[in-house]
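In: Return atomic coordinates for the entry below.
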Amino acid sequence: MVEKRRDSGSFGKGSSWGPQNMSGRTFGGRYRLQNIVGTGGSGSVYLAIDLSLNRQVAVKILHTKLAQYPGFIERFKTEAKISASLTSSHTVRVFDWGVDEQAYLVTEYLGGGSLRSILDSGRTLSPSQILQITLEACRALDHAHAQGIIHRDLKPANLLFGQDGHLRIADFGLAAALADATQAEISNSGPQLDELGGLRGYVGTARYASPEQASGLTLGVKSDIYSLALCIVEACTGHLPFVENTVIGTLRAREGQNVPIPESLGALSPVVQRAGSANAEERPTAGELGKMLIDVASEMSRPEPLPFVGPGEIGAAPLSGEEPLVSQSISSSPDLPTERIETVAVGSEPKRAESAKPSRRRLVNAVLASLLVVGVTAIGAFLWEATKTESRTLPQLVGSSGDSARELIVALGWSVEERFDRLDNTVEGEVLATEPIGGTALEENETVVLVISLGAERVQIPIDLVGKSLQGAEILIQSAGLKVGEISYAYSETFAAGMIVNVLAPMTELPLGGSVDLLVSDGRVPVVIPIGLEGRGVSEVEAALETLGLIARRIGVRDEFVPKGYVVAFEPPSQSYVRGGSEVEILVSTGPEPRSIPDVIGLSVDAAESRLAAAGFRSVAVDGPSSGLITRQEPPGTALGLPETPIELISG
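Out: Modelled structure (predicted):
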């Protein structure tokens, strides 16, 4: 992060809102703009080279008019600092920001395009692919929301993909800065409608606004969840609900409306239904939504690789920014001149053409520089005439794309030899070095070696992690030069608790030292021990528990009232939740404890029967007159018996 920020006075003149191609300019003394990759309502995004670190970055140049609003620059800087403080691996990293005639924001460059570019190419995503990217979006939102940061403008154009295949969310904080600017316009002139029927001063893309945004209410973190639900539905179907012909119509269409859920979302339907509730209180938080997604992950198939459409491909959407309301295209560079070119240093005044007589070498260098900026889109007769010399200078190609460098070298009459290497913090296809180095004079037909990046060092994710214990999987992952990332848990009917259910990685390889996210079994789905089985026969109870996927274990207990062979109770008790496949103890009655039979010889018949009944003996027979005394008993008074033991008394 560069600590020093540059403020170079007022914004430049000219068109304040329309996109101006500034390719070739250097911002902040180090960020040289190459080609424009996207435009939107707040500014334009360029692919650029960080001259200090020799790496590709993305630079967003905000529209000039924004600086006219009081306090915008300070608010922009504040929000940029907040965005830079986000450390989630699923948010776009902010490297730098400042003002150099125009406000600019420097972020990491992601070559995988956006969800918008995928949808604009006519593709949609499967439920498994949607689960994958939504989980990563939830992690980014959960991290931001925990710090009180609301995105306010979540949409497919802000859901970007890196070369590693993972999703990152862009433009955190930018909507908040724009809110101050547009609020200033409302305060000065009052709410107005633009030429499309849109509300001037509305912040965020109307097509993805939450009902509370549409109603102008104070926003909470769950506003982002509704916008995410709209993105999910569009990713599944290719169509976005609640879109009308005007901004106001679009906003009004969703007031109090739940997001309609397509059947094609499958197991994700109830999860997205909650996220798309019109009532913000009924929506889950980002963390809760992530857990809900993990709960249904076991029902989903392994996702196919995402159909990335890079920002440089035909039909690709902007790198980040506004959702296009009309078709946009980036004009190609004007035709190359056929006579001479006047080169002007950044910040200097152009000289009059009459006094300029550039040498052939300056002419060639100017053409080569312009060719690199536009990506070598055309090589005409002028290049042929300008390069008919015995020797030419090899341009600086490090940091440019291999395709552009290759085409340029061939056009200059040299042969190309390619070598490939991996290097951390580089982009696949980027030129790492040339042999000879740039600036070397070469004759025609000489060979230039391009060393092209294959991306960061990559290692294979171990293929046999599923079914391993978490500890065993961690050993395998570390042995491969990787580390365990986020661990999620889900119930599984197949894998025991603590076993790996799935590897949550869209690719089979990761950069050296990369994180492998794991889905770990939390055991089988819990079941409840039913009530009403006490007092039933043990065989019947065992069959009922087996139907629930539980294992019964008998334990005999004495009981005064429950007959032998019948169930007295359970451990854990009835109505308790236990894991499927767990063991449940059945307490089975073995009858009451044996007890001493009272000696009743010499007692009257009534007294003898009363004493035996008080001792718990229920089967007593008397032989003889009821008015007599007991002369004999069987079993005798010294014996042990059970309540049902028959006792015979003889009276005389």
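In: pLDDT-wise, which helix or strand of the chain ranks last?
Out: None of the helices or strands of the chain scores lower by mean pLDDT, DSSP states H and E than helix 381-386, at a mean of 33.
In: so which helix or strand takes in the most centrally placed residue in the chain?
Out: Geometric centre of the chain, nearest residue: residue 136, 0.9 Å, by C-alpha atoms, centre = their mean. When secondary structure is defined by DSSP states H and E, residue 136 falls within helix 127-146.
In: Let me know the distance separating the residue nearest to the centre of the chain from residue 286.
Out: Remark: distance between residue 136 and residue 286 (C-beta to C-beta, to the nearest Å) = 11 Å. Every residue, glycine included, has its C-beta placed from N, CA and C.
In: List the contacts of stretch 428-447.
Out: The contact list for stretch 428-447 (C-beta atoms under 8 Å, 6 or more residues apart in numbering) reads 56, 111, 163, 390-403, 405, 413-417, 421, 423, 426, 448-455.
In: Mind listing what's buried along that stretch?
Out: Residues 429, 430, 431, 432, 433, 434, 442, 446 are the ones in stretch 428-447 that count as buried (16 or more other C-beta atoms under 10 Å).
In: got CSV for these, with secondary structure and pLDDT too?
Out: Output for the buried residues of stretch 428-447, formatted as CSV (DSSP: H, G, I helix; E, B strand; the rest coil; pLDDT from 0 to 100):
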residue, secondary structure, pLDDT
429, coil, 88
430, strand, 88
431, strand, 89
432, strand, 88
433, strand, 88
434, strand, 89
442, strand, 89
446, coil, 91
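In: I'd like the residues you listed written out as TSV, with distance to residue 253 added.
Out: Below are the buried residues of stretch 428-447 laid out as TSV (distance: C-beta to C-beta, whole Å):
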residue	distance to residue 253
429	43
430	45
431	49
432	51
433	55
434	56
442	63
446	64
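In: ok so, going back, which residues sit in contact with the residue nearest to the centre of the chain?
Out: 90, 166, 167, 168.
In: rerun that using 7 Å as the cut-off
Out: Contacts of residue 136 were listed using C-beta atoms under 7 Å, 6 or more residues apart in numbering, and they are 90, 166, 167.
In: ok, now residue 543?
Out: No contacts exist for residue 543 under C-beta under 7 Å, 6+ apart.
In: quick one, phi/psi of it?
Out: Per-residue torsions, residue 543: phi -60, psi -40 (degrees, to the nearest 10).
In: What residues of stretch 87-102 count as buried?
Out: So, applying 16+ other C-beta under 10 Å, buried residues of stretch 87-102: 88-102.
In: same deal with stretch 604-624?
Out: Within stretch 604-624, the residues that count as buried by 16+ other C-beta under 10 Å are 605, 608, 609, 612, 617, 620, 622.
In: Point out where the chain drops to low pLDDT.
Out: Along the chain, segments meeting pLDDT under 70 span 1-20, 41, 67, 70, 176-205, 310-391.
In: Domain parsing of it, as residue ranges.
Out: 26-297, 359-453, 458-521, 526-589, 595-651 (automatic domain parsing).
In: Adding distance to residue 308, write these out as TSV.
Out: Output for the domains of the chain, formatted as TSV (distance: least, C-beta to C-beta, whole Å):
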stretch	distance to residue 308
domain 26-297	5
domain 359-453	12
domain 458-521	10
domain 526-589	40
domain 595-651	80
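In: out of the ones you listed, which comes closest to residue 307?
Out: Comparison of the domains of the chain against residue 307 by C-beta to C-beta identifies domain 26-297 as nearest, at 4.8 Å.
In: Among the contacts of residue 136, name the ones in strands.
Out: Judged by DSSP state E, the contacts of residue 136 include residue 167 as members of strands.
In: quick one: which of the contacts of residue 136 is nearest residue 156?
Out: Relative to residue 156, the closest of these is residue 167; by C-beta to C-beta it sits at 11.0 Å.
In: how near is the closest one to residue 89?
Out: 10 Å.
In: cool, and residue 470?
Out: Between residue 470 and residue 89 the computed distance is 21 Å (C-beta to C-beta).
In: Likewise for residue 639?
Out: Distance from residue 639 to residue 89, by C-beta to C-beta: 80 Å.
In: Equivalent analysis for residue 609, please.
Out: According to C-beta to C-beta, residue 609 stands 85 Å off from residue 89.
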